[in-house]
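Participant: Here's my sequence, what's the structure:
(chains A, B and C)
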Amino acid sequence: MKILLVFISAAIVNNFVLTYFLGICPFLGVSKRIDTSVNMGLATTFVMSLAAAITWLINHYILIAFNLPFLQNVTYIITIASLVQLVEMFIRKSSPSLYRSLGIFLPLITTNCAILGLTLFAALREYSFIESLSFGIGAGAGFTIALVIMAGIREELEFADVPAPLKGAPMTLLVAGMLALAFMGFAGLLSV
Amino acid sequence: MTSQRTLFQEFKKGIWAENPVIKMLLGMCPALAVTNSAVNGLAMGLASTFVVICSSAIVSIIRRFVPGGVRIPTYIIIIAGFVTLADLFLRAYFPVISKALGPYVPLIVVNCMIMGRAEFFASKHPVVPSILDALGTGTGFVWVLVVLGSIREILGSGSIFGVTLLSERIYTPWVVMILPAGAFLSLGLLIALINYLTQRRQGAH
Amino acid sequence: MKNSSPLGMILALTVTAVVIGAILAGFYQLVEPRIEANRLAEEKRAIFSVLEGAETYDVIEREVPSDKKGGEIIRIFRGLDADGRTVGYAFIAEGPGFAGIIRMMVGLNFDLETLSGLKVMEQVETPGLGNKIGEEKFEGQFKGVAIRPRIEYLKNKKPVKPNQIQAITGATISSKAVVDAINKRVETILSVLGPQAAAGEG
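Facilitator: Numbering: from 1, shown residues only, chains lettered A, B, ... in the order given. Below is the predicted model:
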């Protein structure tokens, strides 16, 4: 039961992008078209679930076992960077078509703070292995949802007459603010 | 080439013309997440400045010894190292601030502003300009965070740096300003205002 | 960028990682006692703020069954006055609030009938609404509140019975979370302290 709650909480109630401000860079940068947003979201979700699982193992069997909490940050970021690299090589070999649609996003994922944030939050909340995995998938889903909604709005915005000083980033931030307001409606629905 | 004037320019550009948050839209995650009060913004800004200066200096020193293929991973390890130092320091000497910033301190690692300075500047320039460049970028980051934190704290809690300006009797705080939505709205409007001023000045000339 | 051979790359990464790791280990050794001291100082402040009249305290550790595997070790801080008499017991209660985990120190009077105080230690509730659980106005209500049959909260009404407190307007969920977490923990604490207190110890 808690596994499902963790998932919904990460995906909707405490949406990573709109309430924790994680993954803002790709959120503002990539979310211009719906189809690229979906691909970016899927690639991120995939890396997030892997990262959640692997960092959990590292945290429990290396960092806690040998009492090395101060190396958490360094090991996590190395894990994520190598993971992204491995996933990129694997996809390139196994599925060239998938690589063409996801490939360019993969290097960007390393510096996506949502992934490191996810692993740090999971460790902080002392989730079990399965809960961490569910948290990873949920956070990925939440990221994808935010990205796709944003892209949908921005596609429409292209036809709107935006005042000159608001063009570009300011308008995107204002739209994100309104989305965050909308997502506040979910707040307190559950907290895990 | 490295006359006083150009060195000063390396420092100056980060404050306004290439300001990381306002002009380059880097480091948005901490800029939005921790600016619910002026003091949090200041602490996050200073911690990030410390990390960007140290990592730029080290990256510049070792730039000739790092093979191109592992450049990025090496930089990430160095940045993560300094971030952990900053985190431990805050936890030991400023526990209250450390608690308020929470996991956003370790997250400085993925602040693209820091990686950006290491990759685009420090890896190609000598130590002194690299440090000045990082100092300028850090200063630019600090002032935006403090301004944003102050705006949100005044409107959202009626105080600044914890000192009450507007008593609750005469002013009902706009709670939304210290919530996530307020962060997006304030930063969006701040950038819009700066765009407006810049465009008007350009129009006048 | 001179040596881009695999060996050079491995060497560069290893050296960086080892040097950074060593620096971090050294710095951690240096500041770790201070971080631990900060944590203890906070705990101590919270204990004395919920146990009025306590001069010192000792720690009782008990293993209790819980939904986690292998049970859970709970720590109860027994507050003693200047003459060494027990004034009450403090313990940590935590539970999910509106936006995250709420952690608080709860004081229980030595008669095991009423609470002697509450101090919220960690919370991330909504600023301006739910985070008022950390204010004296809310915390103070728990001083002297009866724990039997269980603590209850009322909305927009002054408490009438000794086991009632008033919820914060607009933040019922946060208030409920506090009350629920305390009620749940009090049961466990009583199951540990009950027989001991009855035996006249302390």
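Participant: quick one: the helices in chain A?
Facilitator: A:2-8, A:16-20, A:24-29, A:34-58, A:72-94, A:96-102, A:106-110, A:113-124, A:129-157, A:169-183 (DSSP state H).
Participant: Among the ones you listed, which comes closest to chain C?
Facilitator: Nearest to chain C among the helices of chain A is helix A:72-94 (6.6 Å), distances taken as C-beta to the nearest C-beta. (Glycine included, C-beta is placed from N, CA and C.)
Participant: Contact residues of chain C facing chain B?
Facilitator: C:1-5, C:8-9, C:12-13, C:16-17, C:20, C:23-24, C:27-28, C:31, C:34-35, C:38, C:42, C:122, C:126-129 (C-beta under 8 Å from any C-beta of the partner chain).
Participant: Buried subset of those residues as a ChimeraX selection?
Facilitator: Provided next is the ChimeraX selection string for whichever of the residues of chain C next to chain B are buried by 16 or more other C-beta atoms under 10 Å in any protein chain shown:
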select /C:8,9,12,13,16,17,20,24,27,28,31,35,38,42,126,127,128,129
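Participant: Of the residues of chain C next to chain B, which belong to helices?
Facilitator: The helices, defined by DSSP H, take in C:8-9, C:12-13, C:16-17, C:20, C:23-24, C:27-28, C:31, C:34-35, C:38, C:42 from the residues of chain C next to chain B.
Participant: which one among those gets closest to A:Ala65?
Facilitator: C:Tyr28 (16.6 Å; C-beta to C-beta).
Participant: low-scoring stretches of the chain, by residue?
Facilitator: Just so you know, I chose chain A. A:102-105, A:111, A:188-192 (pLDDT under 70).
Participant: Switch to chain B, please.
Facilitator: Looking at chain B by pLDDT under 70, you get B:1-5, B:204-205.
Participant: Most remote residue from the middle of it, which is it?
Facilitator: In chain B, B:Arg169 marks the outermost C-alpha relative to the chain mean, sitting 34.7 Å out by C-alpha atoms, centre = their mean.
Participant: Return the distance of B:Thr35 relative to chain C.
Facilitator: Distance of B:Thr35 to chain C, given as C-beta to the nearest C-beta, to the nearest Å: 13 Å.
Participant: Quick check: buried residues in the helix ranked longest in chain B?
Facilitator: Assignment by DSSP H gives helix B:127-157 as the longest helix of chain B. Using 16+ other C-beta under 10 Å as the test for burial, helix B:127-157 gives B:129-157.
Participant: Help me confirm that C:Tyr89 is found in a helix?
Facilitator: No. Counting by DSSP: H, G, I helix; E, B strand; the rest coil, one finds C:Tyr89 to be strand, located in no helix.
Participant: How about it: which residues does it bridge to?
Facilitator: For C:Tyr89, the beta-bridge partners are C:Arg78, C:Leu108 (DSSP bridges).
Participant: residues touching it, list them.
Facilitator: C:Leu51, C:Ile76, C:Phe77, C:Arg78, C:Gly79, C:Gly107, C:Leu108, C:Phe110, C:Ile189, C:Leu193 (C-beta atoms under 8 Å, 6 or more residues apart in numbering or on different chains).
Participant: just checking, next helix/strand downstream of the longest helix of chain B?
Facilitator: Following helix B:127-157 in sequence order, the next helix or strand is strand B:159-160 (DSSP states H and E).
Participant: Which strands and helices lie in contact with that following strand?
Facilitator: The elements that strand B:159-160 packs onto, with contact taken as 3 or more C-beta pairs under 8 Å, 6 or more residues apart in numbering or on different chains; DSSP states H and E, are helix B:127-157.
Participant: mind checking the SS state of the residue lying closest to C:Ile165 once chain neighbours are set aside?
Facilitator: Once flanking residues are discounted, C:Ile165 sits nearest to C:Gln141: 4.3 Å by C-beta to C-beta, 6 or more residues apart in numbering or on different chains. Secondary structure, three-state DSSP: C:Gln141 is helix.
Participant: C:Gln141 against C:Ala167, yeah?
Facilitator: No. C:Gln141 is beyond contact range of C:Ala167, at 9.8 Å (criterion: C-beta atoms under 8 Å).
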